[in-house]
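# Everything below, folded, please.
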Amino acid sequence: MDSPTLKISTLSLFLFLFLSSTQAQTSNLVDSVCKETLDYTKCLEALESDPKSKTTTDLKVLAKIAVQLSISNAKGSLSFIHDEIKKGTGGAQQEALEKCASSYETVVESFNSALIELDDDVLSANYDIKVAGDDVDSCKSELVSKKVEIPALSDRNDQVKLYSNIGFVITNKL
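Coordinates of the predicted model:
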């Protein structure tokens, strides 16, 4: 005769093994995507900042998570740029910041379009995600050409470039 304690222990062990295998699959999805990006560690940090990424096994869901994070990041960067413009430093820095603001407005639009397109036209979403990264390059180039150094903006450019790369890797797999 089985004891109640043995039944509970067996059930607990089965549940633990099931949840462990599910978690391993989840980690494998994010892990496999991040291995193909510009920066594995930063990719993991970015995707895992949304807890849903740790539990999804669906690439399309992960794509939506990545693009939503991209939009949030790009909007934050655009706000940063607008705050810098308001400081009114003038000259080359002001010109570079205005060009970057224009670039980031396009970045946000591209990510927003990609999010909508994920359900109906993955190829267009993939393109818009890639274009968002290219638009960040316009800001980077403007900073270099005007000999303007704003380390916080350079870091933000790198982050958006990474988010673009993450989204591009994921949508290439869809």
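# For this protein, which segments count as helices?
Secondary structure of the chain (DSSP state H): helices located at 4-34, 40-47, 59-86, 91-117, 122-145, 151-173.
# Let me have those helices in a markdown table, extended by mean pLDDT and distance to Ser53.
Using the backbone N, CA and C atoms, a C-beta is placed for each residue, glycine as well. Listed next are the helices of the chain as a markdown table, based on pLDDT from 0 to 100; distance: least, CB to CB, whole Å:
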| stretch | mean pLDDT | distance to Ser53 |
| --- | --- | --- |
| helix 4-34 | 58 | 6 |
| helix 40-47 | 97 | 4 |
| helix 59-86 | 98 | 5 |
| helix 91-117 | 97 | 15 |
| helix 122-145 | 97 | 16 |
| helix 151-173 | 98 | 10 |
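# could I get the ones you listed as TSV with mean neighbour count?
Formatted as TSV, the helices of the chain follow (neighbours: other CB atoms under 10 Å):
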stretch	mean neighbour count
helix 4-34	12
helix 40-47	18
helix 59-86	19
helix 91-117	20
helix 122-145	20
helix 151-173	21
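# which residues does Thr171 contact?
63, 114, 118, 122, 125-126, 129 (CB atoms under 8 Å, 6 or more residues apart in numbering).
# between the residues you listed, which is nearest Asp31?
Ala63 (16.0 Å; CB to CB).
# how much space between the nearest residue to the closest one once chain neighbours are set aside and Asn126?
Closest residue to Ala63 apart from its sequence neighbours, by CB to CB, 6 or more residues apart in numbering: Ile170 at 4.5 Å. Distance, Ile170 to Asn126, using CB to CB, to the nearest Å: 9 Å.
# just to revisit the earlier point, could the contacts of Thr171 go into CSV alongside distance to His82?
Listed next are the contacts of Thr171 as CSV, based on distance: CB to CB, whole Å:
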residue, distance to His82
Ala63, 28
Ala114, 23
Leu118, 28
Val122, 32
Ala125, 27
Asn126, 29
Ile129, 23
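# I'd say Leu69 and Ser164 touch.
No: using CB atoms under 8 Å, Leu69 is not in contact with Ser164; the gap is 11.3 Å.
# ok, the residue nearest to Ala63 touching Leu69?
No: using CB under 8 Å, Ile170 makes no contact with Leu69, being 11.4 Å away.
# so how far is Cys139 from Asp158?
Distance from Asp158 to Cys139, by CB to CB: 11 Å.
# got it, and Asp39?
19 Å.
# Next: Thr56.
In this view, Thr56 and Cys139 are 31 Å apart by CB to CB.
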